[in-house]
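*Asks:* Here is a sequence together with a model predicted from it:
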There are 4 protein chains.
Amino acid sequence: MRKIGIIGFGRIGRIHFNTAQKLKNVEIVAVADPFANKMKDVFDQYGVDHYSDDFNEIINNPEIDTVFICSPTDTHANIAIASAKAGKDIFCEKPIDLDINRVEEVLAEVNQAGVAFQVGFNRRFDPNFFKAKEAVLAGDIGDVQVIKITSRDPEAPPLSYVKSSGGIFVDMTIHDFDMARFLAGSEPVEVFAVGDALINKDIKQYDDIDTAIITIKFANGAMAVIDNSRQAAYGYDQRVEVFGNKGMVKCENNTPTQTTLFTNDGVVFDKPLYFFLERYQASFEEELVQFFNALETGQETPVVGQDGLGALLMAIAAKKSLKENRPVCISEIS
Amino acid sequence: MRKIGIIGFGRIGRIHFNTAQKLKNVEIVAVADPFANKMKDVFDQYGVDHYSDDFNEIINNPEIDTVFICSPTDTHANIAIASAKAGKDIFCEKPIDLDINRVEEVLAEVNQAGVAFQVGFNRRFDPNFFKAKEAVLAGDIGDVQVIKITSRDPEAPPLSYVKSSGGIFVDMTIHDFDMARFLAGSEPVEVFAVGDALINKDIKQYDDIDTAIITIKFANGAMAVIDNSRQAAYGYDQRVEVFGNKGMVKCENNTPTQTTLFTNDGVVFDKPLYFFLERYQASFEEELVQFFNALETGQETPVVGQDGLGALLMAIAAKKSLKENRPVCISEIS
Amino acid sequence: MRKIGIIGFGRIGRIHFNTAQKLKNVEIVAVADPFANKMKDVFDQYGVDHYSDDFNEIINNPEIDTVFICSPTDTHANIAIASAKAGKDIFCEKPIDLDINRVEEVLAEVNQAGVAFQVGFNRRFDPNFFKAKEAVLAGDIGDVQVIKITSRDPEAPPLSYVKSSGGIFVDMTIHDFDMARFLAGSEPVEVFAVGDALINKDIKQYDDIDTAIITIKFANGAMAVIDNSRQAAYGYDQRVEVFGNKGMVKCENNTPTQTTLFTNDGVVFDKPLYFFLERYQASFEEELVQFFNALETGQETPVVGQDGLGALLMAIAAKKSLKENRPVCISEIS
Amino acid sequence: MRKIGIIGFGRIGRIHFNTAQKLKNVEIVAVADPFANKMKDVFDQYGVDHYSDDFNEIINNPEIDTVFICSPTDTHANIAIASAKAGKDIFCEKPIDLDINRVEEVLAEVNQAGVAFQVGFNRRFDPNFFKAKEAVLAGDIGDVQVIKITSRDPEAPPLSYVKSSGGIFVDMTIHDFDMARFLAGSEPVEVFAVGDALINKDIKQYDDIDTAIITIKFANGAMAVIDNSRQAAYGYDQRVEVFGNKGMVKCENNTPTQTTLFTNDGVVFDKPLYFFLERYQASFEEELVQFFNALETGQETPVVGQDGLGALLMAIAAKKSLKENRPVCISEIS
């Protein structure tokens, strides 16, 4: 029986709470959130019995063996280091930190403590993308040559969010960078980004953009292209293609139904699932299943700290590339 | 808060248990199953605290206001009548009974007791089919003219099951009869069935078949055709089309992913979801949501006793039609 | 070099003229049409040099070795018999005649004369359906168990046409009867039809219907169901499925493009190709290619006289079934 | 009646010959090819009556009003200038020339002579892509933000071809550059290309590559990304997407049939059409229809000389970008 504590009970903390509750051999011992005192209603609604406004109560609780870090990004490193020192296994939301050095400190501490560590790149566990990866691993498409990722949000976030998000590459593309690296099965070498504020010019005041195309070269020769938009009129657009010398594997969007209306006006199918929780529901479940399975079998977790670092390097390189309008080598960053 | 008791804890009882557990304002008070004494492990696994081998303990429990009848078909009527007499609201699995008169007795009793009653035609709540029905109700396809239902199981049941199932029309097509009646929005008038044992001749010894095509005329002029097979090599095939004077609405199968492999050998998509529980998961949830919603608001349940009777009449007419090789009027049956 | 004469220069005659013109080793020597004298403009437009108002000029022309019979149905038999007697190979539009005895006379004459004879069931040569047939022949789906054909016209014909067409089963379903028989690879045994005038009640005055569902049993155990409508709001709906013990082959409609529009209103695909000429263009070409190929190699033509008879028997049985509301054996007809 | 002469009777010359022959009010007067003396068989096969080995016989023929330039690229400019001077309207295959200055000379001459001029960017007339363009023009997707073009050949060309082709950007991507510019409805500003020889390293000896991703910024703010491969194992992959603030229009591949096989092994659909002639058949017809229509009405041709120049500038910029590994401005080229 795994005994877990969840630190941070915002949107993603609640998702993991709900998922963990359904798992066998997992018990949620306590939740910590700095606003815990004002969240009684939420805790009641979710059925949280033990909570605290101090994450140290999780870390110092000897009954707890596994910590979920679901707090704001700028607190991840501190909590992760403290958790590792306390000998807890760790599930940490992405990004680990926005600063490369800080991420490396976390990974060093985790390594030294010998605790398990998984980063929350849930999309790797999406059934569509997972099947694409399996096809790659099975050799169905041969050597990977070109990866294409289209990732568009259904709605642009409020400017207040953008202000402190670290920018599109860190807050949004980070998932796609991880996906590209995951599918390439290789380390990125060089990144080139173009982008602009095509949806809302106001985003520029925060030195951010809302539309981007990023090209990546990998060490094994594979190339990838990611296109992002913060707002697709038709909903959440999440597609991936991997092309190799023996074929291609292609993931289309999920839709609410498979029901189509044929009339004189045309043939109308469903729009993609709009909400990320619905779209990626299965991935949130599978990432925890595989995390706890790794803990139980003593195998490496499916998404390790190095994966968190890898995606972050790509994001920082993309930001630099956009600013300097030139391809940027990963080696310039790390 | 609804307080429910579940009678029968086989496959379908467990499905409803799991679903009801997730619902707010619903509490599962107790479970009854004649084999309860041998099912300790199962009850532990599901987290059932109170159980009994006598369904009367459910019916006589004043704390319980709602009974789920998930026991074998031949016990439905007895339990339903006792439940109604005890003033419990009832969710009853289909078919209510194989005997028309017995079904009518149940409905009379339910009516007299003034309790709510819903029959477990879960497919009406499948998102695909529900969207088709909504399109019909919205007038998107105009007057319904032709309904087509393809319903094929992934594997034939064991002969031991067939032996006592009442035959394909009652054990399998009953869902499709209900769907046709649901989509037609009208009562059936005449049924014609052809069928044969094309998969396994041995089924004939039990006077049953494994492949059938049934044509139905409805009072409002709509026609329907159902084709059934007990075994489709590519999995569970569940499709519906409704054609009207203004258009058509068409439901294709659900698949595990939207991922496709393109190679020199061809372009390969997923097969349909194989297992009925996965395929109809959402429908099992939605049927309970709407059931409890009806109880709460005092509105009529979305699938009433008359619906159970309507589908059964069609099944019996189909059986007679197959035997006598002629179209059979519903009026000959009831 | 094949030298052909075309008798009848209405819509279908012109289609075959255009197709034959493109074929190598085929020369169109002359055209006959009773209204030839009034058709100078049409002949100019098509580039017809030699024409006559008397079909005997085709039949008696020693230069011509092959006759295309594209005239009205009630003239087919006469012309076919005369052509056979003159030793011409024959391509005859369907149906050969509406009277079974008359068809048998034609076939007997053709047989005695030893000339080649092909019936114009072009849909057998449609790439979609042809691929389905190939899958059946290759054993990809195992033994054929259930055939489903949906065949809906984009617009109902004028009542003036219906008046003398012989009814829906002969003028429209005849193609589907042939397709069912073609895909079953077996002779029909029994036919049951339901139908009604759901689009336009006026059609009833001509003892005809506009919507039908026909069930057919074949000698090899396969069953088929055809659903017809004379008017689909979304265009020409031509689909076929063949289900066997090893799988299914399924033909969807052709569309003008593969271009889809995604907006907030939905995801909109093309409607099916509307016009039969576009939809079946490839089939009209392939049926002549295979006809002339059979003539050249001395092999049997791909659609023989018996095929024309087979479909007609089904149509007549369906008509009788509808009238008498009972399944009708083919043996009652022939 | 338009009277045309075709210069160059290789693959593309024959395509235009066949297409022009089918058009009304167009007469092919003569064909010229330097190897005409050795091509008697070909001319017989195509039904070419008048031919010559000297293109001047076309240009000097007063009966001819329109010249088709289908000869090797390095002869285009000479012939075009001579044709313009002779007052002939011109249909010129792409690229006009590989040298920007030479292209500008041609355009200047055409301009001065006041003759009509169309460049053979046939893909603009493909029904799929044309419908996408129409959706853009109709405002269906709002302002164009991101264009994605996937263009992969089914087989790599022989190295002998690559040797003198001018490289992938000029011989293959040129079509995609034109498509991007066409769909953007704006002039390109900057180009960045990555690429490698991933299929066959031998291509590197000719300073060429076989796999590329090209990013383009347009003056109106739109961005485009093209991915190319000279060899897709599953056939000819030709897809386009245009994404705007109101939606997306997406073109999938054409397939030989709409027939799908469902078995226990999976659900298998057709691969894309393999051969460019089949894939783009309709476009070759439509480009001539619109060309002759423009000549007849006196309107501007749908693809003018400036379009040929625009795509070439992008190709040259891409080549420079790849070599120097930096984004290259179009203004650096022209």
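*Replies:* That came in fine, so what should we check first? This one's a predicted model, so the numbers in the text were calculated from it and none came from an experiment. Numbering: from 1, shown residues only, chains lettered A, B, ... in the order given.

*Asks:* Next secondary structure after the helix or strand harbouring residue A:160?
*Replies:* In this structure, residue A:160 sits in helix A:159-163 according to DSSP states H and E. Sequence order places helix A:168-171 as the next helix or strand after helix A:159-163, per DSSP H and E.

*Asks:* ok, back up a step: any idea how far the helix holding residue A:160 is from the chain center?
*Replies:* Distance of helix A:159-163 from the chain centroid (Cα atoms, centre = their mean, to the nearest Å) equals 19 Å.

*Asks:* Would you mind listing the buried residues in that helix?
*Replies:* residue A:162 (16 or more other Cβ atoms under 10 Å in any protein chain shown). No exception for glycine: its C-beta is placed from N, CA and C like everyone else's.

*Asks:* Can you list the neighbours in contact with it?
*Replies:* Where contact means Cβ atoms under 8 Å, 6 or more residues apart in numbering or on different chains, the residues beyond helix A:159-163 that reach it are A:171, A:200, A:202-203, A:206, A:208.

*Asks:* By mean pLDDT, flag the weakest helix or strand of chain A.
*Replies:* helix A:159-163 (a mean of 89; mean pLDDT, DSSP states H and E).

*Asks:* burial measure for residue A:11, as a count.
*Replies:* For residue A:11, the neighbour count with other Cβ atoms under 10 Å in any protein chain shown is 10.

*Asks:* scratch that, residue A:63 is what I was asking about
*Replies:* By other Cβ under 10 Å, the residues close to residue A:63 number 9.

*Asks:* Same question for residue A:265.
*Replies:* Residues lying near residue A:265 (other Cβ under 10 Å) number 14.

*Asks:* and the stretch 101-250 of chain A, which of its residues are near chain C?
*Replies:* Selection of the stretch 101-250 of chain A residues close to chain C by Cβ under 8 Å from any Cβ of the partner chain yields A:232-234.

*Asks:* Okay, helices next: where are they in the stretch 101-250 of chain A?
*Replies:* Here the stretch 101-250 of chain A has its helices, by DSSP state H, counting those that start in this stretch, at A:127-137, A:159-163, A:168-171, A:173-184.

*Asks:* any idea which of the ones you listed scores lowest on pLDDT?
*Replies:* Among the helices of the stretch 101-250 of chain A, helix A:159-163 carries the lowest mean pLDDT, a mean of 89.

*Asks:* With residue B:303 as the reference, name the closest of the helices of the stretch 101-250 of chain A.
*Replies:* Among those, helix A:127-137 comes nearest to residue B:303, with 31.4 Å by Cβ to Cβ.

*Asks:* what does that closest one contact?
*Replies:* A:123-124, A:141, A:144, A:179, A:182-183, A:185, A:240, A:242, A:244, A:249-252, A:254, A:282-283, A:286, B:256-259, B:261.

*Asks:* do the same with stretch A:82-92
*Replies:* A:16, A:55-56, A:59-60, A:64-69, A:76, A:80, A:106, A:109-110, A:112-113, A:115-120, A:288, A:291, A:295, A:308.

*Asks:* for stretch A:35-49, same thing?
*Replies:* Counting by Cβ under 8 Å, 6+ apart, A:9, A:14, A:17-18, A:21, A:28, A:31, A:33, A:51-53 sit against stretch A:35-49.

*Asks:* export stretch A:173-180 as PDB, just CAs?
*Replies:* Only the C-alpha atoms of stretch A:173-180 are listed here, as PDB (Å, rounded to 0.1, in the frame of the first residue of the first chain):
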ATOM      1  CA  THR A 173       5.000  24.200 -25.800                       C
ATOM      2  CA  ILE A 174       6.800  22.400 -23.000                       C
ATOM      3  CA  HIS A 175       4.400  19.500 -23.500                       C
ATOM      4  CA  ASP A 176       5.200  19.400 -27.200                       C
ATOM      5  CA  PHE A 177       8.900  19.700 -26.700                       C
ATOM      6  CA  ASP A 178       8.700  16.700 -24.400                       C
ATOM      7  CA  MET A 179       6.500  14.800 -26.900                       C
ATOM      8  CA  ALA A 180       9.000  15.500 -29.800                       C
END
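
*Asks:* Check for me that residue A:315 belongs to a strand.
*Replies:* No. Membership of residue A:315 in a strand is not supported by DSSP: H, G, I helix; E, B strand; the rest coil, which gives helix.

*Asks:* Looking at it now. What's its pLDDT?
*Replies:* Predicted confidence (pLDDT) for residue A:315: 98.

*Asks:* Count the residues that sit near it.
*Replies:* For residue A:315, the neighbour count with other Cβ under 10 Å is 28.

*Asks:* Let me see the contact set for the nearest residue to it once chain neighbours are set aside.
*Replies:* Closest residue to residue A:315 apart from its sequence neighbours, by Cβ to Cβ, 6 or more residues apart in numbering or on different chains: residue A:169 at 4.1 Å. Contact analysis of residue A:169 by Cβ under 8 Å, 6+ apart lists A:177, A:193, A:212, A:214, A:314-316, A:318-319, A:322.
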